[in-house]
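>>> Here you go, sequence then predicted model.
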Amino acid sequence: VDDDNVTGGSVLQPAWDHLHQNHHDLLRSPLFPVVLSVGTYFFLVGLYTALDLLAPTWPSINRYRLHPDGAVARPNIWTTLGVTVYNHLLYVLPVAVAQWLWRPPTPLPCEAPTLWSFFLGVLGCTVVFDFQYYLWHLLHHRVPWLYRTFHAVHHQYNQPFGLVTQCLSGWELFSVGFWATVDPVLLRCHCLTAWGFMVFNIYISTEDHCGYDFPWAVHNLVPFGLWGGAPKHDAHHQQPGTNFAPFFSHWDWLGGCSEFSITPPPPKTRQYLL
């Protein structure tokens, strides 16, 4: 039996060869991961924002909203977009320029990862990232100074929508970006696997904040309630003492934080419903 057929290497190798031969310089550029991440994020939040604007007059969309009785206010869309653009100009752009100037080009191996190692690598990075952010998130809710100074920006809206995903302080944006970049290195992932994790991480992060419960959402596909998804993260924004993990549910279950907590929500929580 051919090992490549068993492991799935033959599945990814033609695509990798095509990318290697036709986009070699682009893929080796230190800017590519930044462009991939930023492009993916704005594409996804653009789709969700379009749905938010259409939902009030489109019942087939509105019925999937977690809060179908209200609409996302346009001023809040502009506010969160402004924070996102500000963060990208003030933090992401300088980091991207620094990488372009000082980081060596990305080495591109000739062999693609096997299909098994690709999916296992993406899953492994997701599990590690989930644990890192769970600890960070829990700490920034338990220590009032950390909450007020860094995390309160993200909790201005008690019913999140797509653009709230990266409505963050600079410190939180740095923390999230650092782990998403370093985790594939720590797990010694193929660069294609690292890029796959970046895209998947952004997808599930925006889905967490989108405010919709679509049938194809990850939490509806993963069995046994192992994935939190938008409903649990929406609950976290309303009752910040619960559901700290970004993706999986096991840490909150083990820590007794998977249900609504008696901890009251912080003051000055901004409503976005009209």
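That came in fine, so what should we check first? Numbers count the residues shown, from 1 in each chain.
>>> how about the strands of the stretch 101-250 of the chain, start to end?
With DSSP state E, counting those that start in this stretch as the criterion, the stretch 101-250 of the chain has no strands.
>>> hey, where'd the helices end up in it?
Listed in chain order, the helices found in the stretch 101-250 of the chain under DSSP state H, counting those that start in this stretch are 115-142, 144-146, 170-186, 191-209, 218-221, 229-238, 250-254.
>>> As a markdown table, those helices with mean pLDDT, mean neighbour count and distance to Gln159 would be great.
Quick note: C-beta positions are derived from backbone N, CA and C, even for glycine. Conversion of those to a markdown table gives the following (pLDDT from 0 to 100; neighbours: other C-beta atoms under 10 Å; distance: least, C-beta to C-beta, whole Å):
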| stretch | mean pLDDT | mean neighbour count | distance to Gln159 |
| --- | --- | --- | --- |
| helix 115-142 | 96 | 18 | 18 |
| helix 144-146 | 96 | 11 | 23 |
| helix 170-186 | 95 | 17 | 20 |
| helix 191-209 | 97 | 21 | 10 |
| helix 218-221 | 96 | 16 | 17 |
| helix 229-238 | 94 | 21 | 6 |
| helix 250-254 | 92 | 17 | 20 |
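>>> Leu26 is nearest to which of those helices?
helix 191-209 (11.8 Å; C-beta to C-beta).
>>> just to revisit the earlier point, output the helices of the stretch 101-250 of the chain as JSON lines; include the columns distance to Leu81.
Shown next, in JSON lines, are the helices of the stretch 101-250 of the chain (distance: least, C-beta to C-beta, whole Å):
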{"stretch": "helix 115-142", "distance to Leu81": "23"}
{"stretch": "helix 144-146", "distance to Leu81": "26"}
{"stretch": "helix 170-186", "distance to Leu81": "15"}
{"stretch": "helix 191-209", "distance to Leu81": "14"}
{"stretch": "helix 218-221", "distance to Leu81": "25"}
{"stretch": "helix 229-238", "distance to Leu81": "18"}
{"stretch": "helix 250-254", "distance to Leu81": "30"}
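>>> so which of the ones you listed gets nearest Val83?
Taking C-beta to C-beta as the criterion, helix 170-186 is the member of the helices of the stretch 101-250 of the chain that comes nearest to Val83, at 10.0 Å.
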